Every structure is written in structure tokens, then in C-alpha cells.
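In: the sequence isn't on hand, but the structure is:
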């Protein structure tokens, strides 16, 4: 399956998840009603015995009429009681799910912190943390996604990790302390690549939904536990009441205790079904993530070695955090050593996973105590300079033969060539520029310097804007870094911004608002907006939203391509009219792109009709379309960019820009 098929599969599995949830809710409601029937039947019998001694009937003092015994009411046969019980049960489940979903609306960082995760600060100098950050950055650049925030669970000695978030714009990767102290760099890379595959395959959003749904199922048991705890505050005292009053108090206590125990038992039924749902959703996806990680790294020994250590160590992949129980399906491996692996385990058995990726791997020969390699070559990228003539980088990635089919096949599938691109880029960056991307103050200057034009006239206006709207230290820092930025090839602009994002996320709300305003002013300073400039602005806006904004993505809004032809025409026209492109060349490129849509696109937009607002509105609507529509848009964009069959470095940057705006991770076109 390609990226778009996997996205569709994730959407279909969401429907399957909802179906399983509905079945579990029906069974829980039925169990609660059965318990209510038993409680009313037993409780009625208990009251009948008490009330019928010593007389069969009691007499109403005021009217002198006999009162029937309690058993004649037959409460357990009244339908309205079970309707009310069902409604209350459904309300409890719905409230539990809604509460958890609302709590998770903050995105992946909320999940990581709930399990004791600590964010790695961009400027950290701890060797293990620097190595982990470098591995994550390499994979981010190679896969074409923004660099996620990285967390470490300091209190967890087992080997485990997870990726969380609603999308690539709020993704986090968290690893346990055991990953940093017990894995080699190759093994750590295999684990991180496995988690990146979950990001690229659309698993994170499904996993977060599953966490919310499971909490709704488990809350019945929590409610029963709360009823039992409430008995500590119930007092039965007959000194101030008649004997009958004391008996009534005992009856209430017994009914509450019976109801609490019953709900607690039903809650464990919910736990059982919750684990079944986790296993049904996650186990096959773990095999897919393992295969994707090996395809990415081309090193099955790394991932197999990490799995082997989990199998041999006493801690294995154990996670002690109580919050991890409801999120067990999100982790790299089982958080406990499950006895009933084939039925309830969220992950396949370790030996099956190893054989699937490397049948020749010798589990017994894997060393257990090999720590992370922290030599200079593995901790920090090699120093250097990067420009259009850098040996080993620019000259090895000048052009690429491209077809629309080849583009869609590489989306979400980092290749060895894209991995080498990432390694070369990080290794060739000048030291001052590399350090600047990891410091919050300098990262802002890096991002703004990327937007400064090479042409003298617009460059002068842009520098005036920065000088007038920002403080002097920020302006001076931008000017210091600008001499490094201006020598970068075009395809390095987006990766540089991605590298700076973790540090930029440290900005306050006021700093974010000002930064977005200055970035927009720089883009519009020359009166025109290129696709690359727009993509940079969109990354800034999406990755640095308001701090109190929900991270939950909007659902798919568009399933048919015909209502979107106007927006597609706007995007293809912007790609066709690149700098220095003649009208005839633009028309020919647009026609090639339109052919991917069966010629149904609207006419080529005039070269003058290219504003940030128009492009922004078009890509906003297209970003809300179904994966199948995005596939056709990317294919059409690839045909426009590569009208001559060859993609130059600047054309590859434009194509990646459009894909980034559509939340489609396109690896570097090399």
C-alpha cells in the first residue's frame, strides 16, 4: 500500500473501532441491566422478609386500610427502571469518553506528559539526548515531515517508545530512559523509525481516538469503585431512630455495596473488551510499522537487536506509569509481560516480529549491555559548509527524473537516497547555523532569514520591515546568520525551518503572534508570493498556533473532486508560473497537469492573479479533502513541475512545498 491507501485504511479502521465500541457498550448496558434485575430481585426479597414479620399486612394509620407487602410491587418487572438504567449507563460512558477526548485535545504533548515524559530542550548537551535528537532530525528531513518534539520518560528503565498526536503538526516521539542507556545507535534508529512509520501511516490519530473510547468503557468500573469508596461516609446509627429506621439504613448500605461490587465486576468486563479492541486495532499495524522501519533504515539488524534486548532483559519493555494502561496500544512493545499473548496482547510476540524482519537473526547472540555510541561522529553532525558547490551534497542531488506515479509512490516512504540527503544536509551545515536552529532566540532569526530575498530591491524593503518590527538583538542575529542562509540551495529551506521548529515552539503567545506577523510581511514585501514562500508561511502558521488552540484536526470535508476544480486550478497555475517562465511554457505545464485530472481542471489563471489569500484559500480546502483527491492533486502538481521530465532542485522544493501544505509527507526528490 502507498501513503494514500494507508490513510484510507486508517479511516476505515476508525469505523471498525467505532463498531467494536458500540458492541462493547451494548454488552456493558446489558450487563448493567442484568445486575439491576438481580439487585432488585434480591433486595425485594430481603425487604419482604423484614416487612412481613410479625404481620403479613401493615395498616395505614390515617386511612385504616391494609398496605400490600413490598414484593407485590415487583420492581424488577418494571420496564421503566431498565430504560432509566440504560440511559444512565450510556450517559456515564459518553461523559467518560467526552472527558478523555477533551483532555487529549491538546495533542501529543499532553499524552507524553501524562506518562511522565520530559521534553528534551533544543539546546541540551547530554550525549544520549543529542544522539536521539539527531536521529529524529535525520528521519524528519528524510521523510518530509516537521521535526516532532522529543520526550524522555526518565523513570522508565524498560525499552519502549511511542508516537502521539493528531497529525504531523503536533506529533511527539517519546522514548524511555532504557532506550537511551541500553540500545546502540542503530537499534535506537530502528525504534525511532518504527515510531515514524506510525506518524506517516496515520496511526497516531486512530490511537488517540482509541484512548478516548477505552476510557468511556473503563469508567463504569471506576464508577463502581467510587461507590464502594463512598461507603466510608455512610453511617448507620439506631440511637436516634426506631429499629425500622436502622434496618432501612442497613438496607441502603447493602444495596450500595452490592451495586458497587457489581459495577466493578462489569468494569473488568469493560477492561477485557478494551484489551480486545486494542489488540484488534494495533497488532497488524505493528507488523506494518516494523516493515516500514526496515524499509526506511535498510538495516533490519538495528530493529531486530532492539526487540531481542526486550526479550532477554528482565524489565523488557515494561512501563510502570499508571496512565500507560489506557494507551498500551500506542507503545513500541507490550507494556507488561502478558500471559495470554495470543488473545489480549496489544503487540505480536517478539520472536514473530524478529522473524518477520530478519529470519536469520540470532536472538541468543545479541549483547545486552551495549550502550549508545557517543563518539563525536555519532553525537554531532560533522562540521562543514553548504552551498551550491558543496561536494557530496548539492552535486549529488542536482536533478531527478520524475513521473506522477513515482511521486505518489515515494509519499510517506523515505528512501535510502532521501536518508542520505538528510545525513549530507545535517553534516554539511555550518556549525553556527546548526547551533542556531537549536536555540529559541536564534531559531527565530534563522526562520526569518530564510524568507529574505536575494534580489536587492525586495531585500532592502524586507530588512526595513524586520528592523522596524523586531528588537535590535534579533535583527543583528538575523543579519549574522543571513550570510550562511543565502548560500543554501533551495531544497534546504524547508528542512532548515523544520530543524528550527522545536526551538520555535518555546516562544510565548505574544512572541508567536509577532513572529507570524513579521513572516507574513516579509513574504508580501515584493508584492508577489511564490509557492515556496507560501509553504514556509503555512508551516509557521500550522506549527506555531495559539497556545490555547485545540490540536484536533478537522475531519475530511470533501470526497468529490469536481467541487474543488477551481482550487486545483489556482494551485496548478501558481506552479506553472514560476519565476522566469514564459506564458507558453506555463500553459504547456498547466495542460500536462490538467491531463492528470482528465482535462477537467478550470482554465489557467492569469499570472497576475496570484495572491497569498487566493493560494491560502485554495490549499486550505484541498487540505480538507479525502486521501484519494490529494493523490490526484499531487500527481497533477508533479506533472506541472516536471513538464520536461526532469526536476531541478528549485522545482523539487516547490513540489515539496505544495505537499507540505496538503499535509502529505514527500521525501526529498533526489
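Out: Looks like it came in fine. The structure displayed is predicted, hence computed values, not measured ones.
In: please make it C-alpha for all contacts and neighbour counts, starting now.
Out: OK.
In: ranges for the strands of the stretch 151-300 of the chain?
Out: Listed in chain order, the strands of the stretch 151-300 of the chain (DSSP state E, counting those that start in this stretch) span 161-164, 172-176.
In: likewise the chain?
Out: Along the chain, the stretches classed as strands by DSSP state E are 58-59, 66-67, 117-119, 149-153, 161-164, 172-176, 399-401, 646-648.
In: before we move on, back to that, mind checking which of the strands of the stretch 151-300 of the chain is nearest residue 668?
Out: strand 172-176 (21.8 Å; C-alpha to C-alpha).
In: angle of that closest one against strand 149-153?
Out: 20 degrees (axes from the mean of the first three to the mean of the last three C-alpha atoms, to 10 degrees).
In: tell me which strands and helices strand 172-176 is in contact with?
Out: In terms of contacts (3 or more C-alpha pairs under 8 Å, 6 or more residues apart in numbering; DSSP states H and E), strand 172-176 is packed against helix 108-114, strand 149-153, strand 161-164.
In: list the strands paired with it, with their directions.
Out: Here strand 172-176 has these sheet partners by DSSP bridges: strand 149-153 (parallel), strand 161-164 (antiparallel).
In: tell me which residue is most central in the protein.
Out: Among the residues of the chain, the one closest to the centroid is residue 165, at 2.3 Å (C-alpha atoms, centre = their mean).
In: before we move on, the earlier item: among the strands paired with strand 172-176, which is nearest residue 113?
Out: Among the strands paired with strand 172-176, strand 149-153 comes nearest to residue 113, with 8.5 Å by C-alpha to C-alpha.
In: hang on, the earlier thing: now the helices and strands packed on strand 172-176 as a markdown table including mean neighbour count?
Out: What follows is the helices and strands packed on strand 172-176, written out as a markdown table (neighbours: other C-alpha atoms under 10 Å):
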| stretch | mean neighbour count |
| --- | --- |
| helix 108-114 | 21 |
| strand 149-153 | 24 |
| strand 161-164 | 28 |
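In: who wins for proximity to residue 503 among the ones you listed?
Out: Across those, closest to residue 503 is strand 149-153 (C-alpha to C-alpha), at 9.3 Å.
In: list the contacts of the closest one.
Out: Applying C-alpha atoms under 8 Å, 6 or more residues apart in numbering, the contact partners of strand 149-153 are 109, 112, 115-120, 133, 171-177, 502.
In: what's the pLDDT at residue 472?
Out: pLDDT recorded at residue 472 is 91.
In: with residue 305 instead?
Out: Here the pLDDT value assigned to residue 305 is 91.
In: can you check residue 599 too?
Out: 62.
In: repeat for residue 81
Out: For residue 81, the model assigns a pLDDT of 82.
In: same check on residue 176?
Out: pLDDT at residue 176 comes out at 96.
In: give the contact list for it.
Out: Contacts of residue 176 (C-alpha under 8 Å, 6+ apart): 152, 153, 154, 155, 156, 157, 158, 159, 160, 161.
In: redo that, cut-off 6 Å
Out: Contacts for residue 176 (C-alpha atoms under 6 Å, 6 or more residues apart in numbering) come out as 152, 153, 156, 160.
In: what's the spacing between the first one and residue 143?
Out: Just to be clear, that refers to residue 152. Distance of residue 152 to residue 143, given as C-alpha to C-alpha, to the nearest Å: 22 Å.
In: next: the second one.
Out: In this view, residue 153 and residue 143 are 25 Å apart by C-alpha to C-alpha.
In: count of neighbours near the nearest residue to residue 326 once chain neighbours are set aside?
Out: Distance criterion C-alpha to C-alpha, 6 or more residues apart in numbering; nearest residue to residue 326, sequence neighbours excluded, is residue 211 at 5.9 Å. Other residues near residue 211 come to 23 when the count uses other C-alpha atoms under 10 Å.
In: show the model's pLDDT score for residue 211.
Out: As summarised for this prediction, residue 211 has a pLDDT of 82.
In: try the one 3 residues further on
Out: Predicted confidence (pLDDT) at residue 214: the value is 76.
In: what is the burial count for it?
Out: 26.
In: go on, residue 643?
Out: 21.
In: which one of the strands paired with strand 172-176 lies nearest to residue 543?
Out: When the strands paired with strand 172-176 are compared by C-alpha to C-alpha, strand 149-153 sits nearest residue 543, at 11.1 Å.
In: let me see the mean pLDDT of that closest one.
Out: For strand 149-153, mean pLDDT rounds to 94.
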